[in-house]
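Q: Just to be clear, the model below is a prediction. Sequence and coordinates:
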Amino acid sequence: MSRIIAIVVACLVLGGCAISMQPAVPYDAHYKKPAPGSSFGMYPQNYKELTVEKAESVLKDPESARYRFEPPRKAYLCSPSSGDVRWQGYLVKVAINAKNSYGGYTGFTPYLVSIRNGKAEEIGADGGLMASFRVLDEPAPTGSEVEVKRPSAAVGGSK
């Protein structure tokens, strides 16, 4: 008797895991793309320095930080309600390993930094609001990722 109950319960639970066969609508289908030829600003040659400067404002122990950078990519951000482009510039993906408040390293954590007109505007975890950015171009070829320990000339020398 208990076996029959267990089988019935298992069927009910597994039945709830059925996959819908309806076609999925892309969640960003109403988002617009930047107009052709629109300006993203100058390519940020100093993206490492800008990224380190922005990261130091949020890290508990910025002196301990190690960085792995990917080259900047053209990106844009749309208004969730209207779908209109409200920001466009460059997005840098960086993995940061720094000490936490207990003195232990956290492990390389992915962050995104938005850069426009030579200024790092926002930094956030690779997810959340930062996941709303849309990237236009492909990343640089594999092998462009470099690891550095807090560039000494990055932000005007030592503090």
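A: Yep, it's here. Numbering: from 1, shown residues only.

Q: Please tell me how far the spatially most central residue of the chain sits from residue 102.
A: For the chain, the residue nearest the mean C-alpha position is residue 126 (3.1 Å; C-alpha atoms, centre = their mean). From residue 126 over to residue 102 the distance is 23 Å, taken as C-beta to C-beta, to the nearest Å. Where you see a C-beta, it was placed from the backbone N, CA and C, and this is true even at glycine.

Q: Kindly report the same for residue 132.
A: 32 Å.

Q: do the same with residue 93
A: Residue 93 is 27 Å from residue 102, where distance means C-beta to C-beta.

Q: So between the two, which is more surrounded?
A: residue 93 (20 against 7; other C-beta atoms under 10 Å).

Q: Does that one touch residue 108 like I think?
A: No - Residue 93 is beyond contact range of residue 108, at 11.5 Å (criterion: C-beta atoms under 8 Å).

Q: about what we covered before: and the gap between the residue nearest to the centre of the chain and residue 48?
A: Shown here: residue 126 relative to residue 48, a distance of 18 Å by C-beta to C-beta.

Q: returning to what we had before: and the residue nearest to the centre of the chain, how far is that from residue 30?
A: In this view, residue 126 and residue 30 are 24 Å apart by C-beta to C-beta.

Q: Also residue 49?
A: In this view, residue 49 and residue 30 are 37 Å apart by C-beta to C-beta.

Q: ok, now residue 121?
A: With distances taken as C-beta to C-beta, residue 121 is found 25 Å from residue 30.

Q: In terms of neighbours, single out the busier of residue 49 and residue 30.
A: residue 49 (16 against 13).

Q: downstream neighbour of the helix or strand containing the more buried one in the secondary structure list?
A: Secondary structure from DSSP states H and E places residue 49 in helix 47-56. For helix 47-56, the following helix or strand on the C-terminal side (DSSP H and E) is strand 61-69.
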